[in-house]
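Undergrad: Coordinates for the following, if possible.
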Amino acid sequence: MTDFELEVCGGCNAKIPAGSLDEILEAIPKFKRDDILVGFDSKDDSAVIKISDDVAIISSLDFFPPMVSDPYVFGQIAAANALSDIYAMGADPICALNIVAFPEEGKISSLEKILQGGASKVNEAHASLVGGHSIHDPKVKYGLSVIGKANPKKIWQNSTPRVGDKLILTKPLGVTLVVNAYNVKLASLEQFNKAISSMISLNKYAKDILIDYDISSATDITGFSLMGHLGEMVADKYTAILKADEIPILDGAKEAASEFVFTKGGQRNRMFMEGKVEFQVDDFALEEVLYDPQTSGGLLVAIDPNEATEALARLVEEGLEARIIGEVHKKFDKAIFII
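TA: As a prediction, this is how the structure comes out:
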């Protein structure tokens, strides 16, 4: 390992499959205190602890191995991804703790760059880095445990949409496809840099706009892909209908899929969700993009249809590549249709 390069092996593509997690979580004994408003039983992005009628603490943790070789950029991506869970609840981060696994023989200068990159994003979030924990491990891993704050009456949850709500996605899809394609010389440096820019961008700016609107449900798109996380949102109660030509996609992502630059995570997502999704468009590359595991992806929100256009205009004015990608319907025979 050199001073400035990390072994590329993960990002959110390293997540344990959703189906396996469901089985594991079912086997864990459950005890839920009265002040725990949201726990792991709802598969939400963060835990919510009620402190008073007006204050709730939001708690989350996220870490993974590098998906890029530059340690500073890896630190930025991992921190932005961890902070995103707080924004996905409609909350503001207060403080964060570093979580570090680093090889005993690794260059300390590389670890320093990782932590500097992470700290830059925590500072941008107007949160405080307050400590952390590190261990030796053969593989580099980094992330954050984050504490946030919100009004308990205004928490966004990931499985509470309403029939008729529009669905807004705030970042384009395809980061893992583009990064992997770049690593095998099938994507350009410009396409790679756009993917990096998307991953290091905080969801703070989208959340700060969307908090002014009637959001019924929200989540962030990470390792389980748009299909997996949208599947959690509609659960067994609703159906989402998406318009294929309205879904924002990074330059180079569909081309990478057409060149069969697949990921294990993407294929796991496909196997888990395939029976719940119906594509009414013949576009294999699009399918791969929608199953692609995202690292530090955008927010997906269900919003009052009367407010969606105005909210989208503000997001675009902020410079975000947001789109209205579909809407929530009553339950049909599939959880998701792409038309």
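Undergrad: How many residues are close by residue 277?
TA: Around residue 277 there are 21 other residues, counting by other Cβ atoms under 10 Å. The C-beta positions use only the backbone N, C-alpha and C, and glycine is treated the same way.
Undergrad: what does residue 117 give?
TA: For residue 117, the tally of surrounding residues (other Cβ under 10 Å) stands at 22.
Undergrad: repeat for the one 4 residues further on
TA: The tally of other residues near residue 121 (other Cβ under 10 Å) stands at 26.
Undergrad: wait, doesn't it sit right on residue 203?
TA: No: using Cβ atoms under 8 Å, residue 121 and residue 203 do not qualify as a contacting pair, with a distance of 11.0 Å.
Undergrad: Need the residues touching each of these two.
TA: Residues within reach of residue 121 and of residue 203 at once, by Cβ atoms under 8 Å, 6 or more residues apart in numbering, are 80, 83.
Undergrad: Next, residue 156: secondary structure please.
TA: Three-state assignment for residue 156 (DSSP: H, G, I helix; E, B strand; the rest coil): coil.
Undergrad: isn't it right up against residue 220?
TA: No: because the distance of 10.4 Å does not satisfy Cβ under 8 Å, residue 156 is recorded as not touching residue 220.
Undergrad: Overlap of the contact sets of the two?
TA: residue 88.
Undergrad: so where is the stretch 1-150 of the chain shaky, pLDDT-wise?
TA: Along the stretch 1-150 of the chain, the parts satisfying pLDDT under 70 run over 1-5, 7-25, 41-45.
Undergrad: how about a cut-off of 90?
TA: Low-confidence segments of the stretch 1-150 of the chain, defined by pLDDT under 90, span residues 1-46.
Undergrad: what are the phi and psi values for the residue in the chain sticking out farthest from the centre?
TA: No residue in the chain sits farther from the centre than residue 105, which is 31.6 Å out by Cα atoms, centre = their mean. Residue 105 has phi and psi values of phi -90, psi 0 when expressed as degrees, to the nearest 10.
Undergrad: how about the helices in the chain?
TA: When secondary structure is read from DSSP state H, the chain shows helices at 18-26, 71-87, 108-124, 175-183, 189-200, 204-210, 225-234, 253-258, 264-273, 284-291, 308-317.
Undergrad: before we move on, back to that, now do the residue farthest from the centre of the chain against residue 111, distance only.
TA: Plainly put, residue 105 is 12 Å away from residue 111 if you go by Cβ to Cβ, to the nearest Å.
Undergrad: How about residue 331?
TA: From residue 331 to residue 111 the distance is 49 Å (Cβ to Cβ).
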